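Engineer: With the input below, show me the fold.
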Amino acid sequence: MSNHFILLLMLSSALIGCESTPHSRSRPHQKDSGLESSLSSVAEIGAGDGVKSRQEFKFFQEIMGTMFTAQLVGFNQQVATSAARAAFNEVRRIEHQMSSWRPQSEIGQLNAKAGLSEVKISYETAWLLCKSQEFSSLTRGAFDITWATLKGLWDFKTHHIPARNEVRERLRWVGSDQLELKLESAEGQKKSCQELFKLSKRGAPHPIWSRFIPSPPEGWSWKYRAKLKSVKTQIDLGGIAKGFAVDRATEVFNRLGFKDHVFDGGGDMRVSGRSLSDAPWSIGIKHPRAEYNWGTLWIPTGWSVVTSGDYERFFIADHQRYHHIIDLRSGSPARGSVAVTVIAESALMADTLATAIFILGPREGIALADSLSGVEALCFTPTGEVTHSQGAHIFSPELKSRWRP
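Structural biologist: All right, here's what the predicted structure looks like:
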């Protein structure tokens, strides 16, 4: 039995009853058993001579608290629907495993037992926690999953601004050193994250359905435990898990033969192949203060685009904008950027660095992007300038130096 068939059977069978309905762009999307889809455009190839036409299919589903969109180019709507089911199911699997909002998830249990006891975690979760610690070190704490320790201080619905002494107290329990990880083989051998996963040199671990591969990687059968040192520390993978899920879904599409697609997880986008017109996929960059695009990026296959902006969740008080991207050095909203767009070779990398560069600001953040292979970035500053890394112009030859007059 081929790995291709096993993958399709395993990922598709768990999803039930969701057929896509083609409709024009002007009609509202219609839900069907939890999966929403649209046939956004059709291009005829060899019309009239018996050759099937390529089509562009769109599917939508709300997961991880945001709307995920799959845009596929193929020949058969039913096959495309099955592939979308499989990809969305993979994202949902990761949500159930890693969401801090789910008490029974591995992260939910880790938070519930903070300061008390260790929690058994899976191979994938261990890898992502190790990767999070690596990114925290790389960004000098600008990215850190213990940001969740500050949850509830800032309320963007009631416009609550916390007292400084309360913020300082919470910041005492923030930092990647608050998370302890134990990696141990069945024979009792222990290794560090870097030794076992070779984080900087190797990609993401094989997902659970890759257990069918003939030679699983080292660490597949190891035991993993995690603990938060303080009862006051909490973690949330919201700044990295979505990018991880987008990479996973893209892998599903590629293995199922859909080489031409875009997968968008609420702004975390990864592209593969080419669009219906056989041109590279183009991605719009939202204007930070208007309802139109500031510019366009042409993205090569396999690359990702993620934008973080102060316009996503915010409130205005005393003529000051308070937004949800918190600088963990101060415990307050970061002030050096208005928006940051990162183009990277993985959605996980782009997702993580978009937050970190936003916090670090145009000088330090762009310097970080320039120091990394396979990463480019654009930073929109409060003064109206657009600073960018050295290779960003490759993706948009007509880059403008300002985003407002």
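Engineer: Just the buried residues of stretch 265-280, please?
Structural biologist: Buried residues in stretch 265-280, defined by neighbour count with 16 or more other Cβ atoms under 10 Å: 265-276, 280. For every residue, glycine as well, the C-beta is placed using N, CA and C.
Engineer: try stretch 120-127
Structural biologist: Judged by neighbour count using 16+ other Cβ under 10 Å, the buried positions of stretch 120-127 are 121, 123, 124, 125, 126, 127.
Engineer: Check the offset of that stretch from the chain's centre.
Structural biologist: In this view, stretch 120-127 has its centroid 18 Å away from the chain centroid, taken as Cα atoms, centre = their mean, to the nearest Å.
Engineer: Roughly how far does the residue nearest to residue 95 when sequence neighbours are not counted sit from residue 178?
Structural biologist: What sits nearest to residue 95 in space, not counting adjacent residues and going by Cβ to Cβ, 6 or more residues apart in numbering, is residue 64, at 5.1 Å. Note on residue 64: its distance to residue 178, by Cβ to Cβ, to the nearest Å, is 24 Å.
Engineer: Flag every buried residue along the host helix or strand of residue 227.
Structural biologist: Counting by DSSP states H and E, the element that carries residue 227 is strand 223-228. By 16+ other Cβ under 10 Å, the buried positions in strand 223-228 come out as 224, 225, 226, 227, 228.
Engineer: Next: stretch 127-143.
Structural biologist: Residues 127-136, 138-139, 141-143 are the ones in stretch 127-143 that count as buried (16+ other Cβ under 10 Å).
Engineer: And stretch 301-308, by the same measure?
Structural biologist: Buried residues in stretch 301-308, defined by neighbour count with 16+ other Cβ under 10 Å: 303, 304, 305, 306, 307, 308.
Engineer: model confidence over it, on average?
Structural biologist: Averaging pLDDT along stretch 301-308 yields 96.
Engineer: and what of stretch 141-157?
Structural biologist: The average pLDDT for stretch 141-157 rounds to 96.
Engineer: Please apply the same query to stretch 184-204.
Structural biologist: For stretch 184-204, mean pLDDT is 85.
Engineer: what residue is smack in the middle of the protein?
Structural biologist: Central residue of the chain (Cα atoms, centre = their mean): residue 243, 1.8 Å from the mean position.
Engineer: three-state assignment of that one?
Structural biologist: Three-state assignment for residue 243 (DSSP: H, G, I helix; E, B strand; the rest coil): helix.
Engineer: Please list all residues in contact with it.
Structural biologist: 265, 268, 304, 306, 346, 347, 348, 349, 350, 351, 352 (Cβ atoms under 8 Å, 6 or more residues apart in numbering).
Engineer: correct me, but the second one touches residue 351?
Structural biologist: Yes. Between residue 268 and residue 351 a contact is recorded at 5.2 Å, counting by Cβ atoms under 8 Å.
Engineer: Around residue 296, count how many other residues there are.
Structural biologist: Neighbour count for residue 296, taken as other Cβ atoms under 10 Å: 13.
Engineer: and if you look at residue 166?
Structural biologist: Residues near residue 166, counting by other Cβ under 10 Å, number 12.
Engineer: For it, give me phi and psi.
Structural biologist: Note on residue 166: backbone dihedrals following degrees, to the nearest 10 are phi -70, psi -40.
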